[in-house]
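A.B. asks: Got a predicted model here, sequence first, then my questions.
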Amino acid sequence: MAEEFDVVVIGGGPGGYAAALYGANAGLRIAVVEKDKVGGTCLHRGCIPAKEFLETAHVFRTVAGAKEFGVMAEQPGVDFGTSQQRKQKVVDQLWKGLQGLMKRRKITTIEGTGTLHANKVVKVSDGTELRGRHVILATGSVPRTIPGFDVDGRYVMTSDEVLALDKLPSSAVVIGGGAIGCEFASMMSDLGVQVTVLEALPKLLPGCDKDVVDVVARSFKKRGIDVRLGVQVHGHEPNDTGTTVKFGEGEQITVDAVVVSVGRRPLSDNLGLDGTAVEVDQRGFVKVDEVMRTGESGVYAVGDLVATPALAHIGFAEAVVAIKDILGESPVPVDYAKVPWCIYCHPEVAFAGMSEEAAVEAGFEVIAKKDPFIGNGRALIVGEPEGMVKVIAEKLPDGRAGRILGVHMVGPWVTEQLGQGYLAVNWEATPDEVAQFIQPHPTLSEVFGETVLALTGRGLHA
């Protein structure tokens with residue numbers, strides 16, 4: 001007989017473990033089936049490792065520029081193996097903490113690959129069978145690959161292989177100029193790698209506001225990152241010391257390694273689903289409604305497995321929605337148009353809501369204001385004046401600025417400053433309301449306050 005649970009979760013990544021922890025807190029009996037380690041891609045091969053290496057790059061930049069602050073330090077070098085060890089220490093500490101938390105919440109964790117069958121029976125590759133009153137599918141995603149670039153871990157890598165390196169290549173092509181590609185390009189360039197970015201679309205960071213992208217592009221150019229936009233790649237030819245990448249109209253470049261950063265695909269291939277009404281679309285995403293229900297009664301799907309923004313915090317939010325629906329608590333669906341986005345390249349990018357281009361395309365008359373970090377005292381103190389804050393508001397019939405539609409930031413630590421902008425967008429606040437927030441001085445967050453104040457027509461400095 002299959003052991004019974006209130007909820008069986010297939011997959012222990014951000015969506016899966018968040019559902020388990022939240023459900024257990026509500027008194028539900030939970031089982032999690034995970035083929036590797038709880039924490040998923042985000043903890044072991046994604047968000048956390050990548051940001052640890054980006055922090056290594058930040059420390060390198062700080063030491064390299066120490067003399068500007070009167071601190072005498074030799075020109076730094078990089079022992080990437082040591083950074084790799086530190087990354088693993090951080091990952092292991094978080095992983096052990098998560099394991100302990102799940103154990104304290106009395107969540108049953110089973111190692112193996114789970115598949116869903118009729119009557120909400122989950123079969124595990126080790127022979128275990130579980131039955132859930134409800135089942136949550138949360139198997140996550142894996143890096144996408146492209147024809148002509150078979151991943152071998154030596155010449156061609158995805159994020160998985162890059163994050164396991166003990167030594168960086170001397171030169172690299174990064175295929176893809178989205179968030180992941182720009183993070184890798186930024187990190188590697190700062191640590192001495194000669195980087196070329198090849199992007200098929202006409203701009204970096206598709207989906208980001210143009211003014212924000214322009215700041216990143218200028219920074220990349222100044223740092224020697226060669227960005228080629230609107231080009232297609234046509235394969236590569238390895239040799240004894242590297243590989244030659246062919247792209248564009250007969251162009252080619254020889255580098256030590258290629259990093260393929262063209263997004264991720266849902267890991268839905270081995271879900272089973274025989275005898276169920278769960279539907280998978282042509283791209284591999286599981287179809288769900290606004291509260292994460294699949295076509296099978298009592299079965300939900302969350303995280304990268306569904307066609308929503310592939311962000312760990314979206315998996316967290318969707319997990320809470322699913323559990324609340326299981327508990328009969330009438331959850332508020334996630335508003336995907338207003339979720340927070342953070343990109344950790346240098347300079348950092350963070351935004352919530354519509355870009356100016358998207359707002360105009362949606363039919364809004366808008367008023368947009370920008371305020372640069374170069375006039376901010378704290379930015380000058382920390383030596384990072386590059387960047388700006390841009391706020392887009394709906395234009396009212398009287399010409400004044402109405403509800404805030406989008407907040408876009410690029411510059412120092414903006415990923416830590418987005419909170420008040422995110423709240424403003426989601427509460428549909430107006431500049432007159434938000435301008436009453438008192439910004440502590442001197443802080444980087446004053447730039448957001450100044451930008452909003454300018455939208456009222458009475459900016460102090462803008």
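C.D. replies: Received, thanks. Residues are numbered from 1 along each chain as shown.

A.B. asks: Spit out the contact partners of D152.
C.D. replies: The contact partners of D152, by Cβ atoms under 8 Å, 6 or more residues apart in numbering, come to none. The way it works is simple: take the backbone N, C-alpha and C, and place the C-beta from them, glycine included.

A.B. asks: SS state for it?
C.D. replies: Assigned with DSSP: H, G, I helix; E, B strand; the rest coil, D152 falls in the coil class.

A.B. asks: Could you pull up phi and psi at it?
C.D. replies: Phi and psi for D152, reported as degrees, to the nearest 10, are phi -120, psi 0.

A.B. asks: measure it to A257 for me?
C.D. replies: 10 Å (Cβ to Cβ, to the nearest Å).

A.B. asks: Check F448 too.
C.D. replies: Using Cβ to Cβ, F448 is found at 39 Å from A257.

A.B. asks: These two: which has the busier surroundings?
C.D. replies: It is F448, of F448 and A257, that has more neighbours when counted by other Cβ atoms under 10 Å, with 26 against 23.

A.B. asks: Surely that one is in a helix?
C.D. replies: Yes: using three-state DSSP, the secondary structure at F448 is a helix.

A.B. asks: How about it: what's its closest non-neighbour residue?
C.D. replies: Using Cβ to Cβ, 6 or more residues apart in numbering and skipping the chain neighbours, the partner closest in space to F448 is V389 (5.0 Å).

A.B. asks: same question, D325
C.D. replies: Distance criterion Cβ to Cβ, 6+ apart; nearest residue to D325, sequence neighbours excluded, is V291 at 4.6 Å.

A.B. asks: do P440 as well
C.D. replies: Residue nearest to P440 in three dimensions, not counting chain neighbours: E446, with 7.8 Å by Cβ to Cβ, 6+ apart.

A.B. asks: how about low-confidence regions in the protein?
C.D. replies: Applying pLDDT under 70 to the chain picks out residues 462.

A.B. asks: which one's the longest strand in it?
C.D. replies: The single longest strand within the chain, with elements called by DSSP state E, is strand 401-411.

A.B. asks: Next SSE downstream of it?
C.D. replies: Going down the chain from strand 401-411, the next helix or strand is helix 418-426, by DSSP states H and E.

A.B. asks: Buried residues of the next helix or strand after that next one, list them for me.
C.D. replies: Later in the chain than helix 418-426, the nearest helix or strand by DSSP H and E is helix 431-434. Residues of helix 431-434 classed as buried under the neighbour-count rule (16 or more other Cβ atoms under 10 Å) are P431, D432, V434.

A.B. asks: Correct me if wrong: the second one contacts T456.
C.D. replies: Yes: with contact taken as Cβ atoms under 8 Å, D432 and T456 are classed as touching, separated by 5.5 Å.

A.B. asks: can you list residues touching both of the two?
C.D. replies: Common neighbours of D432 and T456 (criterion: Cβ under 8 Å, 6+ apart): A401.

A.B. asks: Would you map the strands across the stretch 101-250 of the chain?
C.D. replies: Along the stretch 101-250 of the chain, the segments classed as strands by DSSP state E, counting those that start in this stretch run 108-111, 114-117, 121-124, 129-137, 141-143, 156-157, 171-175, 194-199, 226-229, 233-238, 243-247.

A.B. asks: How much space separates the residue nearest to P440 from Q420?
C.D. replies: According to Cβ to Cβ, E446 and Q420 sit 11 Å apart.

A.B. asks: can you check E357 too?
C.D. replies: According to Cβ to Cβ, E357 and Q420 sit 23 Å apart.

A.B. asks: Okay, domains of the protein per the record?
C.D. replies: Per automatic domain parsing, the structural domains of the chain span 3-143+265-336, 156-262, 347-455.

A.B. asks: Distance to H461 for those domains - can I get that in JSON lines?
C.D. replies: Shown next, in JSON lines, are these (distance: least, Cβ to Cβ, whole Å):
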{"stretch": "domain 3-143+265-336", "distance to H461": "25"}
{"stretch": "domain 156-262", "distance to H461": "18"}
{"stretch": "domain 347-455", "distance to H461": "6"}
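
A.B. asks: Please identify the buried residues of stretch 351-360?
C.D. replies: Judged by neighbour count using 16+ other Cβ under 10 Å, the buried positions of stretch 351-360 are F351, A352, G353, M354, S355, E356, A358, A359.

A.B. asks: residue closest to the middle of this structure?
C.D. replies: Centroid-nearest residue in the chain: L311, 4.6 Å away (criterion: Cα atoms, centre = their mean).

A.B. asks: gap between that residue and G46?
C.D. replies: Using Cβ to Cβ, L311 is found at 10 Å from G46.

A.B. asks: returning to that earlier point: mind checking which of E446 and Q420 has more residues around it?
C.D. replies: Taking neighbours as other Cβ under 10 Å, E446 and Q420 compare with E446 leading, 24 against 17.

A.B. asks: My read is that that one contacts F373, right?
C.D. replies: No: using Cβ under 8 Å, E446 is not in contact with F373, being 9.8 Å away.

A.B. asks: burial of the closest residue to D150 other than its chain neighbours, as a residue count?
C.D. replies: Computed as Cβ to Cβ, 6+ apart, the closest residue to D150 that is not its neighbour in sequence is V156, at 6.4 Å. If you count neighbours by other Cβ under 10 Å, V156 ends up with 23.
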